[in-house]
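S.K.: The sequence and its predicted three-dimensional model are supplied below.
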Amino acid sequence: MTSDSKSTSSASSSASRRSATPNEPGSSIVPASSSGDLMSFFKGILSFTGDLSSLTCPSFLLNGISLLEYGAHWSDYPHVLAEITKATDSAERMKLVARWFVSTLYGSYNKRVAESNTGEKKPFNPILGEQFLASWNDGEFGETKFVCEQVSHHPPVSAIYFENAKAGIYGSGHFSQKSKFKGTTMKVVQEGRVTLRMSNTDEVFCLTLPNLNICSILTGKPFLEMSDTTYIRSTSGYTAEFQWLAKSWFYGEYHKFTGSIFKDPEPTYTQNGPGQELLFSMKGKWVADSYVVDEKTGAESVLFDVKAQPPADMIIKPVEKQSELESRRVWNKVSEALASGNYDVASKEKTAIEEKQRALRRERAEANVEWKPSLFTWIDDADDEEAVRKCYAYLFSAKESVGTGSWVYNASPRKAVSKPTPQQSGSQTPSDAFSTAQSSI
(Lines give C-alpha, C1' and ligand atoms only; values in the text may rest on other atoms or scores of the structure.)
Protein backbone atom coordinates (compact mmCIF):
# COMPACT_ATOMS: atom_id res chain seq x y z
CA MET A 1 0.00 0.00 0.00
CA THR A 2 1.39 3.45 -0.94
CA SER A 3 1.87 6.21 1.60
CA ASP A 4 -0.91 8.22 -0.12
CA SER A 5 -3.39 5.37 0.29
CA LYS A 6 -2.36 4.94 3.92
CA SER A 7 -2.98 8.62 4.52
CA THR A 8 -6.39 8.41 2.86
CA SER A 9 -7.34 5.33 4.86
CA SER A 10 -6.22 6.95 8.10
CA ALA A 11 -8.13 10.14 7.37
CA SER A 12 -11.25 8.15 6.49
CA SER A 13 -10.97 6.15 9.71
CA SER A 14 -10.51 9.31 11.78
CA ALA A 15 -13.50 10.94 10.12
CA SER A 16 -15.60 7.85 10.83
CA ARG A 17 -14.65 7.97 14.50
CA ARG A 18 -15.41 11.67 14.71
CA SER A 19 -18.83 11.23 13.13
CA ALA A 20 -19.71 8.43 15.54
CA THR A 21 -18.94 10.42 18.68
CA PRO A 22 -18.25 14.05 17.78
CA ASN A 23 -16.74 16.37 20.37
CA GLU A 24 -18.90 19.19 19.12
CA PRO A 25 -21.89 19.30 16.73
CA GLY A 26 -21.15 20.29 13.16
CA SER A 27 -24.04 22.67 12.52
CA SER A 28 -26.00 25.27 14.46
CA ILE A 29 -29.38 24.56 16.06
CA VAL A 30 -30.56 28.07 15.16
CA PRO A 31 -32.32 28.82 11.85
CA ALA A 32 -30.71 31.76 10.05
CA SER A 33 -33.97 33.71 10.27
CA SER A 34 -33.99 33.39 14.07
CA SER A 35 -30.46 34.57 14.89
CA GLY A 36 -31.82 37.90 16.23
CA ASP A 37 -34.28 36.09 18.50
CA LEU A 38 -31.42 33.94 19.78
CA MET A 39 -29.35 36.95 20.80
CA SER A 40 -32.35 38.48 22.58
CA PHE A 41 -32.86 35.22 24.47
CA PHE A 42 -29.18 35.09 25.45
CA LYS A 43 -29.28 38.65 26.76
CA GLY A 44 -32.20 37.63 28.97
CA ILE A 45 -30.57 34.53 30.44
CA LEU A 46 -27.21 36.22 31.01
CA SER A 47 -28.91 38.75 33.27
CA PHE A 48 -31.20 36.20 34.95
CA THR A 49 -30.27 35.25 38.53
CA GLY A 50 -32.67 32.37 39.23
CA ASP A 51 -32.97 28.78 37.99
CA LEU A 52 -32.85 28.95 34.17
CA SER A 53 -35.32 26.07 33.81
CA SER A 54 -38.11 28.51 34.72
CA LEU A 55 -37.45 30.68 31.64
CA THR A 56 -39.57 30.37 28.49
CA CYS A 57 -37.43 29.06 25.65
CA PRO A 58 -37.95 30.08 21.97
CA SER A 59 -39.57 27.26 20.00
CA PHE A 60 -36.66 26.90 17.58
CA LEU A 61 -34.49 25.81 20.53
CA LEU A 62 -36.85 22.96 21.52
CA ASN A 63 -36.04 19.37 20.51
CA GLY A 64 -39.62 18.06 20.45
CA ILE A 65 -39.11 15.53 23.29
CA SER A 66 -40.33 15.69 26.87
CA LEU A 67 -37.63 15.65 29.55
CA LEU A 68 -39.60 12.78 31.08
CA GLU A 69 -38.59 10.56 28.15
CA TYR A 70 -34.90 11.04 28.92
CA GLY A 71 -35.31 8.78 31.96
CA ALA A 72 -35.83 5.79 29.65
CA HIS A 73 -32.11 5.80 28.82
CA TRP A 74 -31.54 3.98 32.11
CA SER A 75 -32.84 0.96 30.17
CA ASP A 76 -31.07 1.50 26.82
CA TYR A 77 -29.18 -1.78 27.19
CA PRO A 78 -31.51 -4.23 28.98
CA HIS A 79 -29.02 -7.10 28.79
CA VAL A 80 -26.35 -5.01 30.53
CA LEU A 81 -28.83 -4.33 33.34
CA ALA A 82 -29.91 -7.97 33.56
CA GLU A 83 -26.38 -9.39 33.51
CA ILE A 84 -25.68 -7.77 36.89
CA THR A 85 -27.63 -10.64 38.44
CA LYS A 86 -25.03 -13.14 37.13
CA ALA A 87 -22.33 -11.85 39.48
CA THR A 88 -21.30 -14.26 42.22
CA ASP A 89 -19.73 -11.81 44.71
CA SER A 90 -20.12 -8.21 45.83
CA ALA A 91 -16.99 -6.86 44.11
CA GLU A 92 -17.94 -8.33 40.75
CA ARG A 93 -21.51 -7.14 41.22
CA MET A 94 -20.32 -3.57 41.79
CA LYS A 95 -18.19 -3.74 38.64
CA LEU A 96 -21.25 -4.80 36.62
CA VAL A 97 -23.36 -2.05 38.20
CA ALA A 98 -20.65 0.45 37.19
CA ARG A 99 -20.73 -0.98 33.65
CA TRP A 100 -24.51 -0.58 33.51
CA PHE A 101 -24.30 3.01 34.80
CA VAL A 102 -21.79 3.94 32.08
CA SER A 103 -24.08 2.33 29.47
CA THR A 104 -26.85 4.79 30.39
CA LEU A 105 -24.77 7.93 29.74
CA TYR A 106 -24.42 8.02 25.96
CA GLY A 107 -28.17 7.96 25.32
CA SER A 108 -28.87 10.39 28.14
CA TYR A 109 -26.30 13.04 27.29
CA ASN A 110 -24.72 12.63 23.83
CA LYS A 111 -26.76 10.51 21.41
CA ARG A 112 -28.95 13.36 20.16
CA VAL A 113 -25.88 15.37 19.14
CA ALA A 114 -23.93 12.41 17.73
CA GLU A 115 -26.75 11.17 15.51
CA SER A 116 -27.96 14.54 14.22
CA ASN A 117 -24.59 16.37 14.20
CA THR A 118 -26.45 19.45 15.43
CA GLY A 119 -26.42 20.96 18.88
CA GLU A 120 -28.31 19.85 21.96
CA LYS A 121 -31.74 21.44 22.21
CA LYS A 122 -34.02 21.95 25.19
CA PRO A 123 -36.65 19.30 26.01
CA PHE A 124 -40.21 20.14 27.05
CA ASN A 125 -40.81 20.71 30.75
CA PRO A 126 -43.21 17.87 31.68
CA ILE A 127 -46.66 18.79 32.95
CA LEU A 128 -47.68 17.69 36.43
CA GLY A 129 -48.71 14.01 36.38
CA GLU A 130 -47.31 13.41 32.90
CA GLN A 131 -46.23 9.80 32.27
CA PHE A 132 -43.86 8.05 29.90
CA LEU A 133 -44.22 4.29 29.46
CA ALA A 134 -42.05 1.92 27.45
CA SER A 135 -40.63 -1.59 27.23
CA TRP A 136 -37.76 -3.47 25.58
CA ASN A 137 -37.44 -7.11 24.55
CA ASP A 138 -34.27 -9.18 24.84
CA GLY A 139 -33.85 -12.71 23.49
CA GLU A 140 -32.14 -14.01 26.62
CA PHE A 141 -33.63 -11.91 29.41
CA GLY A 142 -37.13 -11.20 28.13
CA GLU A 143 -38.98 -7.95 28.74
CA THR A 144 -37.73 -4.87 30.57
CA LYS A 145 -40.46 -2.39 31.56
CA PHE A 146 -40.17 1.30 32.32
CA VAL A 147 -42.52 3.91 33.76
CA CYS A 148 -41.88 7.56 34.57
CA GLU A 149 -44.16 10.16 36.18
CA GLN A 150 -43.75 13.89 36.75
CA VAL A 151 -44.31 14.00 40.51
CA SER A 152 -43.71 17.74 40.98
CA HIS A 153 -43.79 20.81 38.77
CA HIS A 154 -42.37 23.46 41.13
CA PRO A 155 -39.66 22.33 41.52
CA PRO A 156 -39.76 19.96 38.51
CA VAL A 157 -39.11 16.38 39.62
CA SER A 158 -39.39 13.21 37.52
CA ALA A 159 -39.67 9.76 39.14
CA ILE A 160 -38.68 6.57 37.30
CA TYR A 161 -39.04 2.82 37.71
CA PHE A 162 -37.61 0.00 35.57
CA GLU A 163 -37.89 -3.75 35.99
CA ASN A 164 -36.85 -7.03 34.38
CA ALA A 165 -38.91 -9.66 36.17
CA LYS A 166 -37.21 -12.62 34.45
CA ALA A 167 -33.74 -11.52 35.57
CA GLY A 168 -35.07 -10.37 38.95
CA ILE A 169 -33.71 -6.83 38.88
CA TYR A 170 -35.47 -3.52 39.36
CA GLY A 171 -34.74 0.07 40.22
CA SER A 172 -36.43 3.34 41.09
CA GLY A 173 -35.22 6.89 41.26
CA HIS A 174 -35.90 10.54 40.64
CA PHE A 175 -34.11 13.50 39.10
CA SER A 176 -34.38 17.27 39.02
CA GLN A 177 -32.14 19.94 37.49
CA LYS A 178 -31.06 23.40 38.61
CA SER A 179 -29.14 25.44 36.05
CA LYS A 180 -27.21 28.70 36.05
CA PHE A 181 -24.80 30.44 33.71
CA LYS A 182 -21.14 30.59 34.69
CA GLY A 183 -19.08 32.47 32.12
CA THR A 184 -20.07 31.08 28.71
CA THR A 185 -21.15 27.69 30.08
CA MET A 186 -24.42 26.62 31.64
CA LYS A 187 -23.87 24.63 34.83
CA VAL A 188 -26.54 22.03 35.60
CA VAL A 189 -26.73 20.44 39.05
CA GLN A 190 -28.72 17.20 38.95
CA GLU A 191 -30.45 16.43 42.21
CA GLY A 192 -31.76 12.96 42.92
CA ARG A 193 -30.76 9.32 43.04
CA VAL A 194 -31.35 5.83 41.68
CA THR A 195 -31.73 2.72 43.85
CA LEU A 196 -31.06 -0.69 42.30
CA ARG A 197 -32.21 -4.00 43.79
CA MET A 198 -32.14 -7.68 42.86
CA SER A 199 -34.22 -10.64 43.93
CA ASN A 200 -31.23 -13.02 44.27
CA THR A 201 -29.38 -10.87 46.83
CA ASP A 202 -30.20 -8.53 49.73
CA GLU A 203 -27.50 -6.18 48.46
CA VAL A 204 -28.81 -2.77 47.35
CA PHE A 205 -26.96 -0.26 45.15
CA CYS A 206 -27.46 3.48 45.58
CA LEU A 207 -26.39 5.95 42.89
CA THR A 208 -25.89 9.71 42.74
CA LEU A 209 -26.36 11.63 39.48
CA PRO A 210 -23.73 13.42 37.38
CA ASN A 211 -23.67 17.19 37.07
CA LEU A 212 -23.48 18.68 33.59
CA ASN A 213 -21.89 21.53 31.67
CA ILE A 214 -23.70 22.75 28.56
CA CYS A 215 -20.87 24.00 26.37
CA SER A 216 -20.69 26.13 23.18
CA ILE A 217 -24.07 27.75 23.79
CA LEU A 218 -23.08 31.14 22.38
CA THR A 219 -21.99 29.55 19.09
CA GLY A 220 -25.41 27.96 18.61
CA LYS A 221 -23.86 24.47 18.80
CA PRO A 222 -24.41 23.39 22.41
CA PHE A 223 -23.43 19.96 23.71
CA LEU A 224 -23.28 18.29 27.12
CA GLU A 225 -20.18 17.48 29.12
CA MET A 226 -20.14 15.67 32.46
CA SER A 227 -18.63 17.42 35.46
CA ASP A 228 -17.59 16.84 39.06
CA THR A 229 -17.93 13.38 40.64
CA THR A 230 -20.55 10.62 40.69
CA TYR A 231 -20.75 7.80 43.25
CA ILE A 232 -22.29 4.36 43.60
CA ARG A 233 -22.49 2.76 47.04
CA SER A 234 -23.63 -0.75 47.96
CA THR A 235 -25.14 -1.80 51.28
CA SER A 236 -22.25 -4.31 51.58
CA GLY A 237 -19.67 -1.50 51.77
CA TYR A 238 -18.39 -1.20 48.20
CA THR A 239 -18.04 2.16 46.44
CA ALA A 240 -17.56 3.18 42.81
CA GLU A 241 -16.30 6.71 42.17
CA PHE A 242 -16.32 8.43 38.76
CA GLN A 243 -14.29 11.58 38.09
CA TRP A 244 -15.49 13.43 34.97
CA LEU A 245 -12.53 15.16 33.30
CA ALA A 246 -13.31 18.54 31.77
CA LYS A 247 -11.38 19.53 28.66
CA SER A 248 -9.09 22.50 29.12
CA TRP A 249 -9.27 25.59 26.90
CA PHE A 250 -6.14 24.69 24.92
CA TYR A 251 -5.73 20.92 24.77
CA GLY A 252 -7.21 17.55 25.71
CA GLU A 253 -10.38 15.70 24.78
CA TYR A 254 -14.02 15.92 25.74
CA HIS A 255 -16.02 13.20 27.52
CA LYS A 256 -13.17 11.45 29.37
CA PHE A 257 -13.36 9.98 32.85
CA THR A 258 -11.38 8.02 35.40
CA GLY A 259 -12.73 6.03 38.29
CA SER A 260 -12.18 3.43 40.95
CA ILE A 261 -14.01 0.69 42.79
CA PHE A 262 -13.00 0.08 46.38
CA LYS A 263 -14.13 -1.47 49.65
CA ASP A 264 -14.75 1.17 52.31
CA PRO A 265 -15.76 0.13 55.85
CA GLU A 266 -16.40 3.70 57.00
CA PRO A 267 -19.96 5.08 57.47
CA THR A 268 -19.09 8.35 55.70
CA TYR A 269 -17.07 9.09 52.59
CA THR A 270 -13.53 10.45 52.75
CA GLN A 271 -11.49 10.92 49.60
CA ASN A 272 -8.59 8.42 49.65
CA GLY A 273 -9.61 7.30 53.12
CA PRO A 274 -7.03 5.17 55.01
CA GLY A 275 -9.28 2.12 55.30
CA GLN A 276 -10.19 1.91 51.61
CA GLU A 277 -9.14 -1.18 49.63
CA LEU A 278 -8.75 -0.44 45.92
CA LEU A 279 -10.08 -3.27 43.75
CA PHE A 280 -10.55 -1.89 40.23
CA SER A 281 -9.65 1.27 38.35
CA MET A 282 -11.61 2.63 35.37
CA LYS A 283 -10.81 4.95 32.48
CA GLY A 284 -12.05 5.92 29.04
CA LYS A 285 -14.64 8.01 27.23
CA TRP A 286 -18.28 7.65 28.19
CA VAL A 287 -19.33 8.40 24.59
CA ALA A 288 -17.10 5.65 23.17
CA ASP A 289 -15.11 2.90 24.89
CA SER A 290 -14.01 2.54 28.49
CA TYR A 291 -11.91 0.00 30.37
CA VAL A 292 -11.56 -1.53 33.82
CA VAL A 293 -8.32 -2.79 35.37
CA ASP A 294 -8.13 -5.43 38.13
CA GLU A 295 -5.68 -3.90 40.62
CA LYS A 296 -4.59 -7.29 41.96
CA THR A 297 -3.80 -8.98 38.64
CA GLY A 298 -3.27 -5.99 36.35
CA ALA A 299 -5.69 -7.51 33.83
CA GLU A 300 -7.51 -4.93 31.69
CA SER A 301 -10.89 -5.56 30.07
CA VAL A 302 -13.61 -3.56 28.34
CA LEU A 303 -15.98 -1.88 30.76
CA PHE A 304 -18.41 -0.68 28.08
CA ASP A 305 -18.17 0.10 24.36
CA VAL A 306 -20.87 2.34 22.88
CA LYS A 307 -19.99 1.38 19.30
CA ALA A 308 -19.99 -2.40 19.92
CA GLN A 309 -23.77 -2.62 19.61
CA PRO A 310 -26.72 -0.26 19.29
CA PRO A 311 -29.15 0.25 22.16
CA ALA A 312 -32.22 -1.98 22.19
CA ASP A 313 -35.33 -0.85 20.34
CA MET A 314 -37.76 0.90 22.65
CA ILE A 315 -41.40 -0.18 22.34
CA ILE A 316 -44.03 2.52 22.82
CA LYS A 317 -47.75 2.54 22.06
CA PRO A 318 -48.81 4.66 19.06
CA VAL A 319 -49.73 8.21 20.07
CA GLU A 320 -53.42 7.73 19.27
CA LYS A 321 -53.58 4.79 21.72
CA GLN A 322 -51.81 6.54 24.58
CA SER A 323 -53.61 8.03 27.56
CA GLU A 324 -54.03 11.80 27.80
CA LEU A 325 -51.21 11.94 30.35
CA GLU A 326 -48.57 10.15 28.27
CA SER A 327 -45.75 12.35 27.03
CA ARG A 328 -45.95 11.90 23.28
CA ARG A 329 -49.70 12.49 23.28
CA VAL A 330 -49.42 15.54 25.57
CA TRP A 331 -46.84 17.21 23.29
CA ASN A 332 -47.86 15.69 19.95
CA LYS A 333 -49.11 18.89 18.26
CA VAL A 334 -46.07 20.86 19.43
CA SER A 335 -43.67 18.15 18.22
CA GLU A 336 -45.36 17.96 14.83
CA ALA A 337 -45.13 21.73 14.37
CA LEU A 338 -41.44 21.73 15.34
CA ALA A 339 -40.72 18.88 12.92
CA SER A 340 -42.23 20.88 10.06
CA GLY A 341 -40.40 24.06 11.08
CA ASN A 342 -43.61 25.90 11.93
CA TYR A 343 -42.35 27.61 15.08
CA ASP A 344 -45.29 30.00 15.44
CA VAL A 345 -47.75 27.08 15.61
CA ALA A 346 -45.42 25.25 18.01
CA SER A 347 -45.36 28.27 20.32
CA LYS A 348 -49.16 28.58 20.27
CA GLU A 349 -49.71 24.87 21.00
CA LYS A 350 -47.11 24.90 23.78
CA THR A 351 -48.70 28.00 25.34
CA ALA A 352 -52.14 26.33 25.22
CA ILE A 353 -50.80 23.35 27.19
CA GLU A 354 -49.14 25.59 29.76
CA GLU A 355 -52.23 27.78 30.20
CA LYS A 356 -54.38 24.70 30.77
CA GLN A 357 -51.99 23.57 33.50
CA ARG A 358 -52.11 26.98 35.17
CA ALA A 359 -55.91 26.84 35.15
CA LEU A 360 -55.86 23.39 36.77
CA ARG A 361 -53.51 24.65 39.49
CA ARG A 362 -55.85 27.56 40.23
CA GLU A 363 -58.82 25.19 40.44
CA ARG A 364 -57.01 22.94 42.92
CA ALA A 365 -55.95 25.93 45.00
CA GLU A 366 -59.47 27.33 45.12
CA ALA A 367 -60.90 23.94 46.09
CA ASN A 368 -58.07 23.37 48.60
CA VAL A 369 -57.22 20.05 46.89
CA GLU A 370 -53.68 18.69 47.16
CA TRP A 371 -52.45 16.94 44.01
CA LYS A 372 -50.66 13.62 44.59
CA PRO A 373 -48.81 11.33 42.15
CA SER A 374 -50.70 8.22 41.11
CA LEU A 375 -47.74 5.87 40.60
CA PHE A 376 -45.07 6.90 43.12
CA THR A 377 -44.77 7.53 46.87
CA TRP A 378 -42.19 9.66 48.68
CA ILE A 379 -40.18 7.84 51.37
CA ASP A 380 -37.89 9.79 53.71
CA ASP A 381 -34.55 8.12 54.36
CA ALA A 382 -35.41 8.09 58.06
CA ASP A 383 -38.32 5.76 57.23
CA ASP A 384 -36.40 3.48 54.85
CA GLU A 385 -34.60 0.20 55.53
CA GLU A 386 -31.64 0.64 57.86
CA ALA A 387 -29.05 -0.62 55.35
CA VAL A 388 -30.36 1.69 52.61
CA ARG A 389 -30.56 4.62 55.04
CA LYS A 390 -26.88 4.12 55.96
CA CYS A 391 -25.96 3.78 52.31
CA TYR A 392 -27.49 7.15 51.43
CA ALA A 393 -26.00 8.77 54.54
CA TYR A 394 -22.59 7.74 53.19
CA LEU A 395 -23.40 9.25 49.78
CA PHE A 396 -24.84 12.42 51.30
CA SER A 397 -21.49 13.04 53.02
CA ALA A 398 -19.89 12.98 49.55
CA LYS A 399 -22.59 14.71 47.48
CA GLU A 400 -25.51 16.51 49.11
CA SER A 401 -27.49 16.66 45.85
CA VAL A 402 -28.41 12.99 46.46
CA GLY A 403 -31.00 14.32 48.91
CA THR A 404 -32.63 12.70 51.93
CA GLY A 405 -35.44 10.60 50.48
CA SER A 406 -36.70 8.60 47.51
CA TRP A 407 -39.68 8.50 45.17
CA VAL A 408 -40.63 4.80 45.14
CA TYR A 409 -42.87 3.04 42.64
CA ASN A 410 -46.03 1.84 44.37
CA ALA A 411 -45.98 -1.64 42.81
CA SER A 412 -42.26 -2.23 43.40
CA PRO A 413 -41.39 -5.56 45.08
CA ARG A 414 -39.16 -3.68 47.58
CA LYS A 415 -39.87 -4.07 51.29
CA ALA A 416 -42.84 -1.97 52.38
CA VAL A 417 -41.76 0.64 54.92
CA SER A 418 -44.48 3.25 54.53
CA LYS A 419 -48.14 3.41 53.69
CA PRO A 420 -48.56 4.00 49.91
CA THR A 421 -50.17 7.17 48.60
CA PRO A 422 -53.89 6.66 47.79
CA GLN A 423 -54.72 6.49 44.10
CA GLN A 424 -56.24 9.61 42.60
CA SER A 425 -59.65 9.49 40.98
CA GLY A 426 -59.41 8.63 37.30
CA SER A 427 -55.65 7.91 37.42
CA GLN A 428 -53.86 4.81 36.23
CA THR A 429 -52.94 2.09 38.67
CA PRO A 430 -49.35 0.80 38.48
CA SER A 431 -50.46 -2.37 36.70
CA ASP A 432 -52.48 -0.31 34.23
CA ALA A 433 -49.43 1.84 33.59
CA PHE A 434 -47.25 -1.14 32.71
CA SER A 435 -49.95 -2.66 30.51
CA THR A 436 -50.08 0.47 28.40
CA ALA A 437 -46.36 0.18 27.68
CA GLN A 438 -47.09 -2.67 25.27
CA SER A 439 -46.98 -1.77 21.60
CA SER A 440 -49.64 -2.74 19.11
CA ILE A 441 -47.33 -2.08 16.16
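M.R.: Great, that's in hand.
S.K.: So for Lys285, what's the nearest residue that isn't a sequence neighbour?
M.R.: With Cβ to Cβ, 6 or more residues apart in numbering as the criterion, Lys285 has its nearest non-adjacent residue at 4.8 Å, and that residue is His255. The C-beta positions use only the backbone N, C-alpha and C, and glycine is treated the same way.
S.K.: can you count the residues close to the one you found?
M.R.: Residues contacting His255 under the criterion other Cβ atoms under 10 Å number 23.
S.K.: Got phi/psi on it?
M.R.: For His255, the backbone dihedrals are phi 70, psi 20 (criterion: degrees, to the nearest 10).
S.K.: can you pull the pLDDT of it?
M.R.: For His255, the pLDDT comes out at 95.
S.K.: same check, this time on the one 3 residues further on
M.R.: As predicted, Thr258 sits at a pLDDT of 98.
S.K.: Skipping its backbone neighbours, what lies nearest Ser90 in space?
M.R.: Excluding its sequence neighbours, the residue lying closest to Ser90 (Cβ to Cβ, 6+ apart) is Ser236, at 4.6 Å.
S.K.: Can you tell me the element that neighbour falls in?
M.R.: Secondary-structure assignment from DSSP states H and E places Ser236 in no helical or strand segment.
S.K.: Could you count how many residues lie near it?
M.R.: 18.
S.K.: Could you do Tyr251 as well?
M.R.: Quick note: Tyr251 (other Cβ under 10 Å) scores 6 neighbours.
S.K.: hmm, back to that, and the residue nearest to Lys285, how far is that from Trp100?
M.R.: 18 Å (Cβ to Cβ, to the nearest Å).
S.K.: What about Tyr109, how many residues nearby?
M.R.: The number of residues packed near Tyr109 is 21, by other Cβ under 10 Å.
S.K.: wait, Phe132
M.R.: By other Cβ under 10 Å, the residues close to Phe132 number 28.
S.K.: quick one: contacts for it?
M.R.: 66, 68-69, 71-72, 146-148, 326-328 (Cβ atoms under 8 Å, 6 or more residues apart in numbering).
S.K.: quick one: the strands in the stretch 151-300 of the chain?
M.R.: 156-164, 169-182, 185-198, 201-207, 211-215, 223-227, 229-234, 238-245, 256-263, 277-285, 289-294, 300-305 (DSSP state E, counting those that start in this stretch).
S.K.: So for Ser374, which of those sits nearest?
M.R.: strand 156-164 (11.0 Å; Cβ to Cβ).
S.K.: what's the angle between that closest one and strand 185-198?
M.R.: 40 degrees (axes from the mean of the first three to the mean of the last three Cα atoms, to 10 degrees).
S.K.: list the helices and strands the longest helix out of those in the chain packs on?
M.R.: For the chain, the longest helix by residue count, based on DSSP state H, is helix 343-367. On a contact count with 3 or more Cβ pairs under 8 Å, 6 or more residues apart in numbering; DSSP states H and E, helix 343-367 meets helix 332-339.
S.K.: what about the residue lying closest to Val345 once chain neighbours are set aside, how many neighbours?
M.R.: Excluding the flanking residues, the one nearest Val345 by Cβ to Cβ, 6+ apart is Ala337, at 4.1 Å. Look at Ala337: counted by other Cβ under 10 Å, it has 21 neighbours.
S.K.: Good, we can wrap up now.
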